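1. Have a look at this prediction, sequence included:
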Amino acid sequence: QGIFVLGLPYALLHSGYLGLLLIILAAVICSYTGKILIACLYEENEEGIPIRVRNTYEDIANACCKQLFPRLGGMIVNMAQVVELIMTCILYLVVSGNLMYHSFPYMPLSQTAWSVIAFLTLMPCMLIRNLRVVSRLSLLCSIAQFIITFIVITYCLTRIPCWSWGGMKFYVDFEKFLVSVGVIIFSYTSQIFLPTLEGNMENQGNFGTMLTWTHFFACIFKTAFAILAFLTWGEETKEVITDNLPTTLGVVVNLCLLAKALLSYPLPFYAAAEVLQGCIFKLDLTQKSMQNRALALRGGLLLFTVLMAMYMPHFSLLMGLTGSMTGAAMTFLLPSLFHLKLKWTKLDCRVKVLDFSILVLGSLCSLSGVICSIKGLSEVFGKR
């Protein structure tokens, strides 16, 4: 999620002090919903000891819907996962095109053309068959993210004499604020990976503590980063904060960020392809004909992401749409709904009220955010 932190200062521009509160509130809620989602993987035996009886988000959804539609819940979760992963891939292509366009302004190429170039460099992703390659690329991503963050924060600290709180607002434009809510939520989404992560921990009893501390430090970092960048550039804050850096420094950071974006793309692409192949299209890769179909599926998925990136090259609006649509559903709505369904008889009134509150809050944020993001995109396209 590191690359999407670069959109937080722009979200802060349109959400003001409420945005700071939302960054903290989102961390608290996401930490809580992550814990209750994992709780849904377990059932107590006769001795009252929790036993892991489910392994995936899909298993939890199917358990909730088994009385009426045994597979409906799993299908909904899988589709939501695929949409979120594909939208993440599109965002990586959008930000790659944006970065190349601003890094090489003297070249007669549009942002769309640069997105196509990024697409060509990513074509080998169709051939990735296991997570070993993806994990190595993720390590390089972490190194690039550290370099980028260090440079941006260091530059912001050198501009302390120019800082001003004047641009921070108590009042906000409601529609832009709702888009910002989606951006903030999307920067925290990780629930789809939590069942696998918890299942692979040596000491699963420490999962709750681990989740609390990771969200705590993520909240501290995101709040500090957003404030530093916003204080430095104020009303001139751009969608991708690195576009605000001076030309020479900006090119260096943008190239590092470009490398990170391109190296980050294979993970959501691989995960989306795996869900499509195994859970939706049920492809048996032991058969030669199915392997060819799987390759065609991956090629079609790659082509779809670049086409979407070409026609929707607006990072913050697209990120807000994704956060409001699938981010809120997977992070707020479904965990609280599943927790209420599977654990109703064992929950006290306070927990039930808390789950219902998150369910209502998530529904409102999701619906209003989607409407405002789509409206924003339609206004942008209407000006073309």
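-> Right, received. Where do you want to start?
2. Looking at the residue nearest in space to the middle of the chain now. What's its pLDDT?
-> Nearest residue to the geometric centre of the chain (CA atoms, centre = their mean): Phe186, 4.2 Å. With respect to pLDDT, Phe186 scores 72.
3. Can you tell me how far it is from Met325?
-> For Phe186, the distance to Met325 equals 10 Å [CB to CB, to the nearest Å]. (Glycine included, C-beta is placed from N, CA and C.)
4. Low-confidence ranges, the stretch 51-200 of the chain, go.
-> 70, 130-131, 166-176, 178-179 (pLDDT under 70).
5. roughly how far apart are the residue nearest to the centre of the chain and Leu91?
-> Noted for Phe186: a distance of 9 Å to Leu91, by CB to CB.
6. just checking, next helix/strand downstream of the helix or strand encompassing Gly250?
-> If you go by DSSP states H and E, Gly250 is part of helix 247-264. Tracing the chain past helix 247-264, the next element assigned as helix or strand by DSSP H and E is helix 266-275.
7. who's in contact with that following helix?
-> Identification of contacts with helix 266-275 by CB atoms under 8 Å, 6 or more residues apart in numbering yields 78, 81-82, 85-86, 88-89, 92, 122, 125, 128, 131, 133-134, 137-138, 294, 297-298, 301-302, 305.
8. Of these, which belong to helices?
-> Counting by DSSP state H, the contacts of helix 266-275 place 78, 81-82, 85-86, 88-89, 92, 131, 133-134, 137-138, 294, 297-298, 301-302, 305 in helices.
9. of those residues, buried ones?
-> Buried members of these, counted by 16 or more other CB atoms under 10 Å: 78, 81-82, 85-86, 88-89, 92, 134, 137, 294, 297-298, 301-302, 305.
10. which one of these is nearest Thr248?
-> The closest of those to Thr248 turns out to be Tyr92 (CB to CB; 25.0 Å).
11. Do a quick rundown of the strands in the protein.
-> Along the chain, the segments classed as strands by DSSP state E run 42-44, 50-52.
12. ok now the last one, how far from the chain's centre?
-> Strand 50-52 has its average C-alpha position 29 Å from the chain's average C-alpha position, going by CA atoms, centre = their mean, to the nearest Å.
13. In the chain, spot the helix with the most residues.
-> The chain, longest helix under DSSP H: helix 349-382.
14. Which elements pack onto that helix?
-> helix 8-39, helix 174-186, helix 315-322, helix 328, helix 334-343 (3 or more CB pairs under 8 Å, 6 or more residues apart in numbering; DSSP states H and E).
15. mind putting those in JSON lines, distance to Leu262 included?
-> Below are those laid out as JSON lines (distance: least, CB to CB, whole Å):
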{"stretch": "helix 8-39", "distance to Leu262": "22"}
{"stretch": "helix 174-186", "distance to Leu262": "20"}
{"stretch": "helix 315-322", "distance to Leu262": "16"}
{"stretch": "helix 328", "distance to Leu262": "28"}
{"stretch": "helix 334-343", "distance to Leu262": "31"}
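16. among those helices, which is nearest Val252?
-> Of those, the one closest to Val252 (CB to CB) turns out to be helix 8-39, at 19.2 Å.
17. what angle do the closest one and helix 334-343 make?
-> 10 degrees (axes from the mean of the first three to the mean of the last three CA atoms, to 10 degrees).
18. buried ones in helix 8-39?
-> Buried, per 16+ other CB under 10 Å, within helix 8-39: 8-16, 18-20, 22-23, 26-27, 29-39.
19. Centre of the chain to that helix, how far?
-> The answer for helix 8-39 is 13 Å, by CA atoms, centre = their mean.
20. counting contacts, what elements does that helix pack onto?
-> helix 174-186, helix 194-199, helix 207-233, helix 334-343, helix 349-382.
21. coming back round to it: by neighbour count, which bits of the helix holding Gly250 are buried? Give me those.
-> In helix 247-264, counting by 16+ other CB under 10 Å, buried: 250-251, 253-264.
22. Comparing the strands of the chain, which comes out most buried?
-> strand 42-44 (a mean of 14; mean count of other CB atoms under 10 Å).
23. other SSEs contacting that strand?
-> strand 50-52.
24. Run me through the strand neighbours of the strand it packs on, direction for each.
-> strand 42-44 (antiparallel) (DSSP bridges).
25. Give me the contact list for the strand it pairs with.
-> Pro50, Ile51, Arg52, Val53, Arg54.
26. so can I have CSV of those residues showing distance to Val353?
-> Converted to CSV, those look like this (distance: CB to CB, whole Å):
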residue, distance to Val353
Pro50, 23
Ile51, 28
Arg52, 28
Val53, 27
Arg54, 25
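27. Check the average confidence over stretch 7-24, would you?
-> Per-region confidence: stretch 7-24 scores 83 on mean pLDDT.
28. got the CA coordinates for that stretch in PDB?
-> Once non-C-alpha atoms are left out, stretch 7-24 reads as follows in PDB (Å, rounded to 0.1, in the frame of the first residue of the first chain):
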ATOM      1  CA  GLY A   7      -2.300  10.400  -2.300                       C
ATOM      2  CA  LEU A   8      -3.000  11.200   1.300                       C
ATOM      3  CA  PRO A   9      -1.700  14.900   1.300                       C
ATOM      4  CA  TYR A  10      -4.100  15.600  -1.600                       C
ATOM      5  CA  ALA A  11      -6.900  13.900   0.400                       C
ATOM      6  CA  LEU A  12      -6.000  16.100   3.300                       C
ATOM      7  CA  LEU A  13      -6.200  19.200   1.100                       C
ATOM      8  CA  HIS A  14      -9.900  18.400   0.500                       C
ATOM      9  CA  SER A  15     -10.800  17.100   4.000                       C
ATOM     10  CA  GLY A  16      -8.900  19.400   6.300                       C
ATOM     11  CA  TYR A  17      -8.900  18.600  10.000                       C
ATOM     12  CA  LEU A  18     -11.600  16.000   9.500                       C
ATOM     13  CA  GLY A  19      -9.100  14.200   7.200                       C
ATOM     14  CA  LEU A  20      -6.600  13.900  10.100                       C
ATOM     15  CA  LEU A  21      -9.400  12.500  12.300                       C
ATOM     16  CA  LEU A  22     -10.400  10.000   9.600                       C
ATOM     17  CA  ILE A  23      -6.800   8.700   9.200                       C
ATOM     18  CA  ILE A  24      -6.800   7.800  12.900                       C
END
